[in-house]
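J.: Sequence first, then the predicted structure, then my questions.
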Amino acid sequence: AQSVAQPEDQVNVAEGNPLTVKCTYSVSGNPYLFWYVQYPNRGLQFLLKYITGDNLVKGSYGFEAEFNKSQTSFHLKKPSALVSDSALYFCAVRDLGDYKLSFGAGTTVTVRA
Amino acid sequence: DVKVTQSSRYLVKRTGEKVFLECVQDMDHENMFWYRQDPGLGLRLIYFSYDVKMKEKGDIPEGYSVSREKKERFSLILESASTNQTSMYLCASTSIEGSFFQYFGPGTRLTVT
């Protein structure tokens, strides 16, 4: 079975500071990992994915994530947060050969001006 | 530009009513999914379909059914709506090839009174 944990319900940072949203996963095989963002009253928007290759993945809106196999983590990062980054962030994992994604509970990010 | 559309953004129904939520994708994707999103629980998979007339139960199928008569359309049916089905419902689709990530619709916020 596959699963994802996002240990923080909320993350608060000041604009211009680094932003990190944590994610750990569990799969039986090689993982496919994803980050999505949801703005109020909107559907989920894809940010980035890790399938294979370089452990540092770059995505939309200046976000990046680092795949760490030994720690089974896939933390989302942004060097300098913007107020407009305030949203709900979801980490998701898919096991090889499975159609389904498993999502974390979500982390609400608030960036204060 | 890829698109997943859902028939309603907001819906209010009474307990016991039969409710239909429609989802249409224009990307010729094989796989389609229905999730419900609740605060603190993330996204939970209700049903998915990997081909026309094919369906599989997800993690929380009780109280729901689905229909996929055409490749582009995937319907979620609440046979007899109950107040505990008040939620945000998200539809997604994905190809069996390529980048593996799911495209999401804007969501339907269903309130059952």
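T.: Cool, the structure landed. Numbers count the residues shown, from 1 in each chain, chains lettered A, B, ... in the order given.
J.: Pull up the pairing partners for the longest strand along chain B, direction included.
T.: Determined from DSSP state E, the single longest strand within chain B is strand B:42-51. Paired strands of strand B:42-51, with direction, are strand B:31-38 (antiparallel), strand B:54-57 (antiparallel) (DSSP bridges).
J.: Just the CA coordinates for that strand, please, in CSV.
T.: Taking Å, rounded to 0.1, in the frame of the first residue of the first chain, the C-alpha atoms of strand B:42-51 are listed here in CSV:
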residue,chain,number,x,y,z
GLY,B,42,-6.9,15.6,1.9
LEU,B,43,-8.3,13.9,-1.2
ARG,B,44,-9.8,10.5,-0.9
LEU,B,45,-10.5,8.4,-4.0
ILE,B,46,-14.1,7.4,-4.5
TYR,B,47,-14.0,5.6,-7.8
PHE,B,48,-11.9,5.5,-10.9
SER,B,49,-12.3,4.2,-14.4
TYR,B,50,-9.5,3.0,-16.7
ASP,B,51,-11.7,2.5,-19.8
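J.: From the rest of the structure, what touches it?
T.: Strand B:42-51 is touched from outside by A:6, A:44, A:90, A:99-101, A:103-106, B:30-38, B:55-61, B:64-66, B:68, B:74, B:76, B:90, B:96, with contacts defined as Cβ atoms under 8 Å, 6 or more residues apart in numbering or on different chains. C-beta: built from backbone N, CA, C; applies to glycine.
J.: Among the strands paired with strand B:42-51, which comes closest to residue A:79?
T.: Checking the strands paired with strand B:42-51 against residue A:79 by Cβ to Cβ gives strand B:31-38 as the closest, at 29.3 Å.
J.: any idea of the mean pLDDT in the closest one?
T.: Mean per-residue pLDDT for strand B:31-38: 94.
J.: Kindly report the same for stretch A:38-52.
T.: Here stretch A:38-52 scores 88 as its mean pLDDT.
J.: Just the buried positions in it, please.
T.: Residues A:38, A:43-44, A:46-51 are the ones in stretch A:38-52 that count as buried (16 or more other Cβ atoms under 10 Å in any protein chain shown).
J.: Of those, just say which sits nearest to residue A:74.
T.: Set against residue A:74, the nearest of the buried residues of stretch A:38-52 by Cβ to Cβ is residue A:50 (6.4 Å).
J.: Does the closest one touch residue A:65 like I think?
T.: Yes: with contact defined as Cβ atoms under 8 Å, residue A:50 reaches residue A:65; the gap is 6.8 Å.
J.: shared neighbours, the two?
T.: Joint contacts of residue A:50 and residue A:65 (Cβ under 8 Å, 6+ apart) are A:33, A:57, A:74.
J.: Can you tell me which of the residues you listed is nearest chain B?
T.: residue A:33 (10.1 Å; Cβ to the nearest Cβ).
J.: For chain A, which segments count as helices?
T.: Taking DSSP state H, chain A contains no helices at all.
J.: give me the low-pLDDT residue ranges for it?
T.: Regions of chain A meeting the criterion pLDDT under 70 are absent.
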